[in-house]
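Here is the input, now give the coordinates:
(one chain, ligands or ions: 1)
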Amino acid sequence: MSRTMKLANRVEKLGVETAFLVAGQAAAHAAKGHKVYPFHLGDMNLRTPANIIEAAYRAMRDGKNGYTPNAGIPQLREALAAEFNTTRKTNYGPENVAVQPGGKPVISKFLLALMNPGDEVLYPNPGFPIYESQIRFHGGVAVPYPIIPGEKNFSFDLDAMEAAITDRTKLLIVNDLHNPTSAECSAEDRRRIAEIAVKYDLKVLLDEAYFDVRYSGESVSLIMEPGMLERSVILHTFSKKYAMTGWRVGAAIGPKSVIDVIVKLNVNDESCTCHSNQFAACEALLGDQSGGRDIMAILQARRDLAVDALNSIEGVSCYRPNATFYLYPDVTKAMANTGYTEYQPFLDAVLKDTGVSLCARTHFGTLLPGENKKYLRLAYSGIDGEMIEEGLLRLKMFLEKF
Ligand code: PLP
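Here you go, the predicted model:
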């Protein structure tokens, strides 16, 4: 009975979302009676807007408890297509939409639909760790392209992206409004990425998880560039703008030929996304938007508190991003002052001493050659303003005592 089962070889290639591991460490610290300041995970401690909750109740009361069509309820597919046609000037119909249990499943389904074993896939590094995990797990070759410090915020290293292309490169993943750095493409970047994709005939996953999490300016989708509509699948999620991370509703949106395969994967995998939650997502798109606006106002106030607090710490420099709820401060000098050279002992000491729970550069992909600066990643979506101020004051005291 005690003999362990021999696992499949591919399991070794499966990575994790490292922020969830940090969440585990923070929970263990809290269980010992310590106060924890949770800056680690892009989860939210805000309520889903009441009209969305009510729509889910209504659907349940109305007997929406069976399976839905595998692609999702027609109302939601139509509402999503219409939303995209308005915000991205596309010409999608419901047949271009496959509803998903969250945005994350779009990553593996895009790869399963389009990647053969041995194909090379370009992905951002630092970046959302699930890209690398899923590319490798499904037999592809994960090829990073760097996200580098720019004049103000981080930017996409498009020279390196193009230089990394070989005749085996088939797919490209772009996360404009980027986790962890909040980098966003300029108009010039969007044009160049589209040119690269067309020139090398790459199929593209556009991870737009943070498209609607914006405080100023306007999000512009790469899908609007020439040649992108027919070669791209968009990852869309309801998780972030409406504080619905645990509801698990998202969508893959793209050419019908790929969406049909993704729907087949739905059949084989989860059958459908939670029935009543799909009605809630319809309400999120079509109903009163004041709840979403309130969430954004709270996030913006938190952003400002956190950026100001970080920039008040000696040896820390933090950009104020216009979108997402992540900060990626340069802490090279502050960390050097402490004497710590490695991230993990540093993060352990910060947690133990201050209760501040953080991610760092190393949680978002393998370090690339030549990287010599140190960065932390803070999410302010799951922590109130008061706790932000208190936690970052404690971090300041910790960093400045050396
Ligand atoms: N893509 C990026 C860049 C993310 O940061 C996340 C979540 O943090 C996701 C996709 C997946 O979001 P969800 O599955 O909650 O919709």
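
what about the helices in the protein?
Under the criterion DSSP state H, helices of the chain are mapped to 18-31, 50-61, 74-87, 105-114, 129-137, 158-163, 187-199, 256-268, 275-286, 290-311, 332-338, 343-354, 385-400.

now these as JSON lines including mean pLDDT?
Formatted as JSON lines, these follow (pLDDT from 0 to 100):
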{"stretch": "helix 18-31", "mean pLDDT": "89"}
{"stretch": "helix 50-61", "mean pLDDT": "98"}
{"stretch": "helix 74-87", "mean pLDDT": "98"}
{"stretch": "helix 105-114", "mean pLDDT": "98"}
{"stretch": "helix 129-137", "mean pLDDT": "96"}
{"stretch": "helix 158-163", "mean pLDDT": "98"}
{"stretch": "helix 187-199", "mean pLDDT": "98"}
{"stretch": "helix 256-268", "mean pLDDT": "98"}
{"stretch": "helix 275-286", "mean pLDDT": "98"}
{"stretch": "helix 290-311", "mean pLDDT": "98"}
{"stretch": "helix 332-338", "mean pLDDT": "96"}
{"stretch": "helix 343-354", "mean pLDDT": "96"}
{"stretch": "helix 385-400", "mean pLDDT": "98"}
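
Would you reformat the ones you listed as a markdown table and include distance to the ligand?
Glycine gets a C-beta too; all of them are placed from N, C-alpha and C. Shown next, in a markdown table, are the helices of the chain (distance: least, C-beta to the nearest ligand atom, whole Å):
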| stretch | distance to the ligand |
| --- | --- |
| helix 18-31 | 8 |
| helix 50-61 | 15 |
| helix 74-87 | 14 |
| helix 105-114 | 7 |
| helix 129-137 | 7 |
| helix 158-163 | 17 |
| helix 187-199 | 16 |
| helix 256-268 | 15 |
| helix 275-286 | 11 |
| helix 290-311 | 14 |
| helix 332-338 | 24 |
| helix 343-354 | 19 |
| helix 385-400 | 19 |
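
tally of neighbours for Glu188?
Close neighbours of Glu188, defined as other C-beta atoms under 10 Å, add up to 9.

what's the answer for the one 4 residues further on, then?
Other residues within reach of Arg192 by the criterion other C-beta under 10 Å amount to 18.

Let me know the pLDDT of Val16.
Val16 is assigned 80 on the pLDDT scale.

ok, now which ones touch it?
For Val16, the contact set (C-beta atoms under 8 Å, 6 or more residues apart in numbering) comprises Pro129, Ser133.

Among the helices of the chain, which comes closest to Leu172?
helix 187-199 (6.0 Å; C-beta to C-beta).

got the phi/psi numbers for Ser271?
phi 70, psi -60 (degrees, to the nearest 10).

can you redo the helices of the chain as CSV with distance to Leu206?
Formatted as CSV, the helices of the chain follow (distance: least, C-beta to C-beta, whole Å):
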stretch, distance to Leu206
helix 18-31, 22
helix 50-61, 25
helix 74-87, 11
helix 105-114, 10
helix 129-137, 13
helix 158-163, 14
helix 187-199, 10
helix 256-268, 13
helix 275-286, 19
helix 290-311, 21
helix 332-338, 32
helix 343-354, 30
helix 385-400, 31
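
okay, now the closest residue to Pro49 other than its chain neighbours: neighbour count?
The shortest distance from Pro49 to any non-neighbouring residue, by C-beta to C-beta, 6 or more residues apart in numbering, is to Gly291 (2.2 Å). By the criterion of other C-beta under 10 Å, Gly291 has 22 neighbours.

just use 380 as the starting number from now, easier for me
Got it, first residue is 380 now, which makes that one Gly670.

Check whether Gly744 really touches Pro508, as I assumed.
Yes: with contacts counted by C-beta atoms under 8 Å, Gly744 reaches Pro508, the gap being 6.5 Å.

From Glu474, how far off is the residue lying closest to Leu665 once chain neighbours are set aside?
With sequence-adjacent residues excluded and distances taken as C-beta to C-beta, 6+ apart, Leu665 is closest to Ala458, at 5.7 Å. Between Ala458 and Glu474 the distance, using C-beta to C-beta, to the nearest Å, works out to 14 Å.

before we move on, what about Val642?
For Val642, the distance to Glu474 - C-beta to C-beta - is 10 Å.

Could you do Val729 as well?
Taking C-beta to C-beta, one finds Val729 at 50 Å from Glu474.

which of these two has more neighbours?
Taking neighbours as other C-beta under 10 Å, Val729 and Glu474 compare with Val729 leading, 23 against 14.

who in the stretch 480-629 of the chain is up against the ligand?
Gly481, Gly482, Lys483, Phe507, Asn554, Asn558, Asp586, Ala588, Thr616, Ser618, Thr624, Gly629 (C-beta under 6 Å from any ligand atom).
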